[in-house]
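Undergrad: here's my sequence, what's the structure:
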Amino acid sequence: MVDRIKRRLRQHRFLAPLMGCPYPAPRWNHAVKRVIRNLGTEARILDLGSGMHRRAPNVVNLEIEHTPMVDVVGDGHNLPFADAVFDAVISEAVLEHVKNPKRVVAEMYRVIKPGGYVCAAVPFLQGYHASPHDYQRWTTTGFSVLFSEFKKTEGGACAGPTAALHWILREYVGLVCSFGSLLIAKAISLLVGWLTFPLVWLDFLLMLHPHAHVLASAVYFVGQKAEHD
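TA: Okay, the predicted model is just below:
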């Protein structure tokens, strides 16, 4: 039942953003916007797991199911594109939901042109969130290893320690007060999350700490494929 409700909400343009708390990730957002801007409007860019928004007019949106903003329905394990056709691939909060992230990263590498870019972000310290499944988490170093075929240009923590604490706190309260019902747990978690959300803005200070990545809620990686593959 919970999965069915979540699926319907994900397909609604205005209700989809209410499914969770929008944890700030300014480093990630700035990095992605910078790559899109530097590549220019003629570049071909793939957003793998795009959700309900389009980052730029020249971005191709791919999802596992149809929603109003989706251009291609497909699976990241077997991308329905020829080799070396994209100037960049973006993947935000997707790799934790796939069974074989190494295969998906290899597919990203395959469809990116020589000299092209990959931008990816994943959870480190976050609660379980199936969409429809949830399989793994990464540290900053582990995520760099996953993308070792690319030359790293930027990376680190992108959602901070307070976001990690806030996520676990709201899920904890929801679980304790749920009477064994997952639906009640998720509803309480969302309510607690929105009521206490102002605390998350502390991360704008904590992200200045050189070791914020050890308790980060999420991490990111930006890398470039070699000019000559």
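
Undergrad: the chain: helices as residue ranges?
TA: Residue ranges of the helices in the chain, as given by DSSP state H, are 2-10, 26-39, 101-111, 140-146, 161-176, 182-195, 203-206.

Undergrad: the fourth one packs against which elements?
TA: Meaning helix 140-146. Applying 3 or more C-beta pairs under 8 Å, 6 or more residues apart in numbering; DSSP states H and E, we find helix 140-146 packed against helix 101-111, strand 151-159, strand 218-224. Every C-beta, even on glycine, is put in place using the N, C-alpha and C of the backbone.

Undergrad: ok, and what's touching that helix?
TA: Outside helix 140-146, the residues that touch it by C-beta atoms under 8 Å, 6 or more residues apart in numbering are 95, 101-102, 105, 120, 122, 124, 138, 152, 155-157, 213, 216, 219-221.

Undergrad: also the longest one?
TA: Under the criterion C-beta under 8 Å, 6+ apart, residues 21, 23-24, 124-127, 184-190, 192-193, 196-197, 199-203, 206, 212, 215-218 lie in contact with helix 161-176.

Undergrad: please pick the buried ones from those.
TA: 21, 23-24, 124-127, 185-186, 188-190, 192-193, 200, 203, 212, 215-218 (16 or more other C-beta atoms under 10 Å).

Undergrad: middle-most residue in the protein, spatially?
TA: Closest to where the C-alpha atoms of the chain average out (C-alpha atoms, centre = their mean) is Ala93, at 2.0 Å.

Undergrad: distance check, it against Gln126.
TA: 9 Å (C-beta to C-beta, to the nearest Å).

Undergrad: with Val104 instead?
TA: 19 Å.

Undergrad: repeat that for Asp87.
TA: For Asp87, the distance to Gln126 - C-beta to C-beta - is 30 Å.

Undergrad: cool, and Leu202?
TA: Distance, Leu202 to Gln126, by C-beta to C-beta: 17 Å.

Undergrad: and for Lys225?
TA: 28 Å.

Undergrad: output the below-cut-off pLDDT ranges for this protein.
TA: Residues of the chain that meet the criterion pLDDT under 70 lie in 1-20, 229.

Undergrad: contacting residues for Gln126?
TA: Contacts of Gln126 (C-beta under 8 Å, 6+ apart): Arg137, Ala164, Trp167, Ser217, Ala218.

Undergrad: tell me which of the helices and strands packed on helix 140-146 sits most buried.
TA: Ranked by mean neighbour count under mean count of other C-beta atoms under 10 Å, the helices and strands packed on helix 140-146 are led by strand 218-224, which reaches a mean of 24.

Undergrad: residues near the closest residue in space to Ala185 that isn't next to it in sequence, how many?
TA: In space, and not counting its chain neighbours, Ala185 is closest to Ser178: 3.5 Å by C-beta to C-beta, 6 or more residues apart in numbering. Using other C-beta atoms under 10 Å, Ser178 is surrounded by 16 other residues.

Undergrad: my read: Ser178 touches Ile184, true?
TA: Yes: the criterion here is C-beta atoms under 8 Å, and Ser178 meets it with Ile184 at 4.5 Å.

Undergrad: ends of stretch 200-209, what's the gap?
TA: Terminal residues of stretch 200-209 are spaced 15 Å apart (C-alpha to C-alpha, to the nearest Å).

Undergrad: distance from that stretch to the middle of the chain?
TA: 20 Å (C-alpha atoms, centre = their mean, to the nearest Å).

Undergrad: which residues does it contact?
TA: Stretch 200-209 is contacted from outside by 21, 23-24, 26-27, 157, 159-163, 166, 212, using C-beta under 8 Å, 6+ apart.
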